[in-house]
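[1] Quick check, what structure comes out for this input:
(2 chains)
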Amino acid sequence: MTIRAKILAAAAAALLVGTALPAMAVTLRYANQGDLKSLDPYTLNETTTNAHLGHIYEGLTKRGRDLKVEPGLAERWEVSDDGLTWRFFLRKGVKFHNGNPFTADDVVFSANRVRAQGSNFQTRVPSDAEFVKVDDYTVDVKLKKPNPILNYQWDTWYIMDKEWSEANNTAAPTPAAATSPSYSSLNANGTGPFKIESHQPGVKTVFKKNPDWWGKVEHNLDEIVFTPINSDATRVAALLSGEVDVIEPVPLQDIQRVNSSPNAQVLTGPELRTIFLGFDQTRDELLFSNVKGKNPFKDPKVREAFFKAIDIETIKSRVMRGLSTPSALMIAPELFTYSKDFQRPKYDPDTSKKLLAEAGYPNGFEVGMDCPNDRYVNDEAICQAVVGMLARVGVKVNLMAQPKAQYFAKVLKSGNYQTSFYLLGWTPGTFDSHNVLYDIEGCRDDQSSSRGESNLGNYCNKKHDELADKILVENDKAKRDQLIKEAFQITTADYGYIPLHQQSLSWGVSKKVKLSQRADNSVLLYWAHKE
Amino acid sequence: MLAFIVRRIFQAIGVLLAVGIIAFSMFRFAGDPVNQIVSIDTPAAQREEVRRSLGLDDPVPIQFARYLGGAVQGDFGVSYQFRQPVSDLLAERMPATLELAFCATVFAVVFGILMGVYSGLKRDSTLAKLFQTVSLIGISLPTFLIGILLIYLFAVTLGWLPSYGRGDTVRIGWWSTGLLTSTGLLALIMPSITLGLFQMTLIMRIVRAEMMEVLRTDYIKFARARGLTTRAIHFGHALKNTLIPVITIVGLQLGSVIAFSIITETVFQWPGMGLLFVQAVQNVDIPIMAAYLMLVALIFVLINLAVDILYTVVDPRLRSTIRQPA
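    All right, here's what the predicted structure looks like:
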């Protein structure tokens, strides 16, 4: 080796060492189908967005790996005996990313901001709840009527910094219809375990570890790089080639391949979302049917016949490739104590035919079915299976599968509920039964109330609604669960809906990474370990 | 000449208006933007508020007029999904698309000409036959399939190239470029091949046919008779003359390369305008869709205008017909 070569080699070695050191930092690369569209935590209430922002922002409460409510920015809380005053004791010594201290003022400010016009999270905090600052680290919430689940959604009501928001002219939430970009939609200042390093909407977001975070660090990451990858095949390829460490979701047909690859595997588990079928039970004549002058779905026998005609095990094995959990209730078993007391009626096409004949349709009838084709796991394939099964009992279903953009425009209230028979999925935002009893199963008859707004077919039972009202204000958990059970018994007996299954979560994870999977499909990387 | 250009500019404005009107009337079938903006359990009253403030209650012609009014002043509205001005988003994404289109064109031209010349000169060799087969595949396989196949071969199996994205980029003013970093250059290879393959095939076939045609002509025979080297004949005389149609094709195809980069960008998660457009369609983001379609129309119109003007410059015979429109 000449002297020059030696010098060169030494220089190269020094360079390598020099560049190798910062490379020791642990970077986790994560790709999701969806985007992080706004950094303003009150703009869009959607699981993926909420989970992303959960790395930067924190609520007064948190939810653990098992979804239990835990203390977050509030260390503890007390409820008065009448249930009308909740006192929250805030954590001391917490700092926002810009160094500002976290105090009661921020909580009161955030409570007003989250309920302001333009927020997509107005239901997080009851509109008539009054937030009173007792001292810098104590806040009282005064209610007009008791609310046992007041803080159930507070893990995603993220607390913002009053001073920062006001200084940056972003004290009002960025509305969905904003005509100019607001500061908070591109910048963030939370208290969470990670900070935003850079954010390019729709392209790339980089999170850096927050060294000053108050909590016990349960990850070993220095950096998270998030990239949306829309194309399924590309997302899977990026995982298999090791360019990303975590992807969500893995399409069902690719699970086998990921699992057989040397460097990645798929984490699966039942998701909280319930996929179900619903009927138009309100119109006197169905919109899309050959039955004229009457609505067959008003007859519980027809609904029962439909229920019993569906072979859920076949849907599970053929359509969902074993990755679904058939369901007897309109809420996931994880979210309701007495779920086990409910059983699906058995698949029984003969009874189904008999019931249809009794209802006056011995030769069946024709009905149109609305189904999204890009919203839930294998949604269109499920609908096709249902069409085939109903054909066997004589019902001819005309399937109208469509992209979600068209589907929701048609079947929701904004589209005047134009559907006769449909497939939908629902996760109660509160992780509590009342949400299902109110939004999905409540009667739609009172125009001034928001009850039943997502009850597309207007299943209605007054006794059920009375129970729902009691459940709303019942503070005793045992009593409350009993009431919920009664309410679900009514819907089940009415065959108001056909719950199908819990679809499966499927996250692709590099073998170098250890991750906790939460049933609400929030990919939370503050529990991630990477070798 | 000036009158011709002015007339063409008026025609171009007409084309843009037509594209705008067609696009705008089609958007009603894309779905309801409000549902993409709010979450599924958003109360109806709030949905109505969003709808009202976005002006979606107004009849389509009024919405279109309002859009045009803004567009004339360079304001293309605010994206529904990102809450950013559309012009900013497009400007942010434009370098990615243009660099990709540029590299794809360079790839298509270089390899198209090389392969075309080779298979024109040695049309019976095995390699020439292989080129023919490859070109058939290039023409008949859909772009996304080619992209996926490349990804699985070079990213997953061999691990040589990145499967998605643009790699590291460097900012020069408002232009972000991937041409100056090693990861950026690596990331360009597969998307460029995918996007350029069709063009490459086209060029290769034209060059091959033209080469074979030209080699039969008299002046090549005379050149041979004069004792010029084979190399001089092939490249100095024959190739030069085959390049004229190639230049025409490349020019005309440039617009398509930019417009059809949509599929390539989706497959490779290439953060360009095409990907932005696809995401906009999924989310019924009308301002982005409208602006992108108008932009693509503008690119086509400008290229055609340039080609027309260049023709008259090149071929004086055309000028007389321009002066007297039929």
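
[2] lowest-confidence helix or strand of chain B?
    Averaged element by element with mean pLDDT, DSSP states H and E, chain B has its least confident helix or strand at helix B:317-323 (a mean of 59).

[3] tell me the phi and psi of the closest residue to chain A within chain B?
    With distances taken as CB to the nearest CB, chain B approaches chain A most closely at B:G31, which sits 2.7 Å away. Glycine gets a C-beta too; all of them are placed from N, C-alpha and C. Backbone torsions of B:G31, given as degrees, to the nearest 10, read phi 130, psi -170.

[4] contacting residues around residue 293?
    Reading this off chain A. Under the criterion of CB atoms under 8 Å, 6 or more residues apart in numbering or on different chains, the neighbours of A:G293 are A:D284, A:E285.

[5] wrong chain, I was asking about chain B
    Contacts for B:L293 (CB under 8 Å, 6+ apart) come out as B:V19, B:G20, B:A23.

[6] ok so, going back, distance check, the residue of chain B closest to chain A against A:G457.
    With distances taken as CB to CB, to the nearest Å, B:G31 is found 21 Å from A:G457.

[7] before we move on, what about B:V78?
    The spacing between B:V78 and A:G457, counted by CB to CB, is 36 Å.

[8] So, low pLDDT: which residues of the stretch 151-300 of chain B?
    Within the stretch 151-300 of chain B, no stretch falls below the threshold (pLDDT under 70).

[9] What parts of it come near chain A?
    By CB under 8 Å from any CB of the partner chain, the part of the stretch 151-300 of chain B that sits against chain A consists of B:151-152, B:155-156, B:159, B:162-165, B:266-269, B:271, B:275-276, B:278-279, B:282-284.

[10] Pull the number of nearby residues for residue 138.
    No chain specified, so I'll use chain A. Other residues within reach of A:T138, judged by other CB atoms under 10 Å in any protein chain shown, total 15.

[11] that's the wrong chain, I wanted chain B
    The number of residues packed around B:G138, counting by other CB under 10 Å, is 21.

[12] Equivalent analysis for A:K462, please.
    10.

[13] What average pLDDT does stretch A:485-494 get?
    Per-residue pLDDT values over stretch A:485-494 give a mean of 96.

[14] actually stretch A:32-51, not the one I wrote
    The model assigns stretch A:32-51 a mean pLDDT of 87.

[15] again with stretch A:261-276
    Model confidence over stretch A:261-276 averages 93 on the pLDDT scale.

[16] Can you give me the buried ones in that stretch?
    Within stretch A:261-276, the residues scored as buried using 16 or more other CB atoms under 10 Å in any protein chain shown are A:261, A:264-268, A:270-276.

[17] now do stretch A:30-41
    Using 16+ other CB under 10 Å as the burial criterion, the residues of stretch A:30-41 that qualify are A:Y30, A:A31, A:N32, A:G34, A:D35, A:L36, A:K37, A:S38, A:L39, A:D40, A:P41.

[18] same question, stretch A:374-393
    Residues of stretch A:374-393 classed as buried: A:375-387, A:389-390, A:393 (neighbour count, 16+ other CB under 10 Å).

[19] so what's the residue of chain B closest to chain A scoring on pLDDT?
    According to the per-residue confidence, B:G31 scores 76 in pLDDT.

[20] go on, A:A116?
    pLDDT recorded at A:A116 is 89.

[21] For it, give me its contacts.
    With contact set as CB under 8 Å, 6+ apart, A:A116 has these partners: A:A172, A:P173.

[22] And it, how close does it get to chain B?
    Between A:A116 and chain B the distance is 12 Å, computed by CB to the nearest CB, to the nearest Å.

[23] Past the longest helix along chain B, which element shows up next along the chain?
    Determined from DSSP state H, the single longest helix within chain B is helix B:86-121. Elements were assigned by DSSP states H and E; along the chain past helix B:86-121, the next helix or strand is helix B:126-140.

[24] Give me the residues contacting whatever helix or strand comes next after that following helix.
    Helices and strands here follow DSSP H and E; after helix B:126-140, the next one along the chain is helix B:143-150. The set of residues that contact helix B:143-150 without belonging to it, under CB under 8 Å, 6+ apart, is A:233-234, A:237, B:138, B:190-191, B:193-195, B:197-198, B:260, B:263-264, B:266-268.

[25] In strands, which of the buried residues of stretch A:374-393 fall?
    Here DSSP state E is the test, and those give no hits in strands at all.

[26] Mind picking the one among those that's closest to A:P181?
    Compare each of the buried residues of stretch A:374-393 with A:P181 using CB to CB and the shortest gap goes to A:R375, at 28.4 Å.

[27] Might you report the residue contacts of the closest one?
    Applying CB under 8 Å, 6+ apart to A:R375 gives the contacts A:K404, A:Y407, A:G425.

[28] among those, which are in strands?
    Judged by DSSP E, the contacts of A:R375 include A:G425 as members of strands.

[29] so how many other residues sit close to the closest residue to A:S182 other than its chain neighbours?
    Setting aside the residues directly before and after it, A:S182 is nearest to A:T174 in space (CB to CB, 6 or more residues apart in numbering or on different chains), at 4.2 Å. The number of residues packed around A:T174, counting by other CB under 10 Å, is 25.

[30] Just send the contacts of B:L293 back as CSV, with secondary structure too.
    CSV is the format used below for the contacts of B:L293 (DSSP: H, G, I helix; E, B strand; the rest coil):
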residue, secondary structure
B:V19, helix
B:G20, helix
B:A23, helix
